[in-house]
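Q: only geometry, no sequence info:
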Ligand SMILES: O=P(O)(O)OC[C@H]1O[C@H](O[C@H]2O[C@H](CO)[C@@H](O)[C@H](O)[C@H]2O)[C@H](O)[C@@H](O)[C@@H]1O
């Protein structure tokens with residue numbers, strides 16, 4: 001697809017972070033942000049009347065650090081936290097993760113290649129460096145989550161994450177779409193992971209469009225081959241929209 005053909009000044013743009021804006025890295029803290037990314041996002045934000053938001057599994061403060069000095073409206077931890085366009089933060093209720101933490105710490109003590117990420121209201125267990133442990137990690141997380149009221153399990157790219165049941169990327173997008181400057185626009189969501197499928201379904205239900213980055217089955221109607229291509233297409237769309245506004 002050519003993003004330029006689908007992104008109009010009347011769109012609202014929602015963007016996943018890992019695997020969409022940046023390439024997947026061996027470890028969560030090893031992602032590289034190409035220097036042209038934030039300027040392109042800032043230009044798009046300007047052309048789309050401010051209606052550009054990041055919808056990530058990461059905490060908002062991490063996304064801010066990667067995109068600095070740009071601070072976009074953002075949803076973090078799969079929608080458990082959200083910063084609207086005025087800068088106001090909404091935090092969803094969280095639930096005890098004591099059992100999940102016990103289980104992942106015990107697993108990681110036995111398998112040092114596993115990586116635990118603790119966020120507000122969520123714990124992610126990464127097995128990218130120990131893919132042979134996938135089944136064991138999933139089984140352990142499923143059992144721990146089953147003993148943790150209010151908590152659900154979300155699977156992503158080489159990661160299993162316990163998060164509040166009420167949080168989802170779809171609900172975060174819906175919340176943005178009720179507010180200025182997003183309300184009344186046609187939503188486009190670009191993402192790459194299973195965790196983004198609910199976001200694709202949400203925007204398409206709202207007569208918008210989901211764009212899946214990379215391979216794998218998806219409900220999204222459009223597709224981009226890779227994060228590198230996604231960045232190029234965002235840059236091209238930013239330039240085209242800026243040129244249209246100037247003409
Ligand atoms: O919703 P996203 O913005 O795509 O965030 C999803 C998760 O991304 C991170 O983990 C993933 O990316 C890492 C860096 O490329 C990779 O090492 C890991 O295997 C992936 O699962 C992040 O660490 C998680 O907190 C996010 O939930």
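A: That came through fine. The shown structure was predicted, so the numbers you read here are calculated from the model rather than taken from an experiment. Numbering: from 1, shown residues only.
Q: what's in contact with stretch 84-102?
A: Around stretch 84-102, the neighbours that count as contacts under CB atoms under 8 Å, 6 or more residues apart in numbering are 50, 60, 73, 79-83, 118, 120-123, 141, 144-145, 147-151, 162, 164-167, 175-176, 179-182. Yep, even glycine has a C-beta here, placed from its N, CA and C like the rest.
Q: make it 7 Å
A: Under the criterion CB atoms under 7 Å, 6 or more residues apart in numbering, residues 50, 73, 80-83, 120-121, 123, 144-145, 147-151, 162, 164, 166-167, 179-181 lie in contact with stretch 84-102.
Q: Give the buried residues for that stretch.
A: 84, 85, 92, 94, 95, 97, 99, 100, 101 (16 or more other CB atoms under 10 Å).
Q: Let me have those residues in a markdown table, extended by pLDDT and distance to the ligand.
A: Output for those, formatted as a markdown table (pLDDT from 0 to 100; distance: CB to the nearest ligand atom, whole Å):
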| residue | pLDDT | distance to the ligand |
| --- | --- | --- |
| 84 | 98 | 18 |
| 85 | 98 | 19 |
| 92 | 97 | 15 |
| 94 | 97 | 15 |
| 95 | 98 | 18 |
| 97 | 98 | 14 |
| 99 | 98 | 20 |
| 100 | 98 | 15 |
| 101 | 98 | 16 |
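Q: Find the pair from those residues with maximum spatial separation.
A: With distances taken as CB to CB, the most widely separated pair in the buried residues of stretch 84-102 is 85 and 99, at 37.1 Å.
Q: what about the helices in the protein?
A: For the chain, the helices defined by DSSP state H cover 37-47, 60-67, 98-110, 134-146, 169-177, 197-205, 227-246.
Q: Between the buried residues of stretch 84-102, which sits nearest residue 208?
A: For the buried residues of stretch 84-102, the nearest to residue 208 is residue 85 (17.9 Å; CB to CB).
Q: tell me the contacts of the closest residue to the closest one other than its chain neighbours?
A: Sequence neighbours aside, residue 73 is the residue nearest to residue 85 in space, at 4.7 Å (criterion: CB to CB, 6 or more residues apart in numbering). Counting by CB under 7 Å, 6+ apart, residue 73 makes contact with 53, 83, 84, 85, 176.
Q: what do you get for residue 172?
A: Applying CB under 7 Å, 6+ apart, we find residue 172 in contact with 55, 75, 79, 82.
Q: For the ligand, state which of the residues you listed is nearest.
A: Of all those, the ligand sits closest to residue 55, with 7.0 Å by CB to the nearest ligand atom.
Q: Check whether that closest one really touches residue 14, as I assumed.
A: Yes: with contact defined as CB atoms under 7 Å, residue 55 reaches residue 14; the gap is 5.0 Å.
Q: shared neighbours of these two, anything?
A: Counting by CB under 7 Å, 6+ apart, the residues touching both residue 55 and residue 14 are 173, 189, 199.
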